[in-house]
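1. following is a predicted model, sequence given first.
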Amino acid sequence: MSRECYFLGKGTRAGNSYAIRGKAKYLGGNGTKVTGITKRKFKANIQKVRALVDGKIVNLRVSAKAIKMGLVTKPLKRNYTPEAKAAK
């Protein structure tokens, strides 16, 4: 749950890691052989981001792909409105 994208739902996926021995046939060998298969994890590129959601600033865990797609709207670093200047 913690390592999951807020927008896309990307998370950790399971897969295999293959240990290979031998020389490829096109390089003059007998071909490659799989000598071992081990379970591994493919982890999504999750970033912690401050974002605007329904007009409120919240901290989210978002994948890098969601950021590149423009699904994340980041808040302004400063408030430049006249009301904010008058409050000081």
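-> It's in.
2. find the residue at the geometric middle of the protein.
-> Asn45 (2.3 Å; Cα atoms, centre = their mean).
3. at which residues are the helices of the protein located?
-> Counting by DSSP state H, the chain has helices at residues 64-69, 82-87.
4. ok, for Gly36, nearest residue in space, not its chain neighbours?
-> The spatially closest residue to Gly36, leaving aside those adjacent along the chain, is Ala19, at 3.9 Å (Cβ to Cβ, 6 or more residues apart in numbering). Bear in mind the C-beta positions are built from the backbone N, C-alpha and C, glycine included.
5. quick one, what contacts the residue nearest to the centre of the chain?
-> Shown in contact with Asn45 (Cβ atoms under 8 Å, 6 or more residues apart in numbering): Ser63, Ala64, Lys65.
6. pLDDT value on the nearest residue to the first one once chain neighbours are set aside, please?
-> Meaning Ser63. Closest residue to Ser63 apart from its sequence neighbours, by Cβ to Cβ, 6+ apart: Cys5 at 3.9 Å. pLDDT, Cys5: 94.
7. who's in contact with Cys5?
-> By Cβ under 8 Å, 6+ apart, Cys5 lies in contact with Gly11, Ala44, Ile46, Arg61, Val62, Ser63, Lys65, Ala66.
8. give me the contact list for stretch 70-78.
-> Phe7, Leu8, Val49, Arg50, Ala51, Leu52, Ile57, Leu60, Val62, Ala66.
9. which of these are buried? Put it as a PyMOL command.
-> Buried residues among those (16 or more other Cβ atoms under 10 Å), as a PyMOL selection:
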select buried, resi 7+49+51+60+62+66
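10. can you pick out the most distant pair from the contacts of stretch 70-78?
-> Using Cβ to Cβ, the contacts of stretch 70-78 reach their maximum pairwise distance at Leu8 and Ile57, which is 20.8 Å.
11. now that we have the contacts of Asn45, which one has the most neighbours?
-> When neighbours are counted by other Cβ atoms under 10 Å, Ser63 leads the contacts of Asn45 with 22 neighbours.
12. from what I can see that one touches Leu8, true?
-> Yes - look at Ser63 against Leu8 with Cβ atoms under 8 Å: they come within range, at 5.6 Å.
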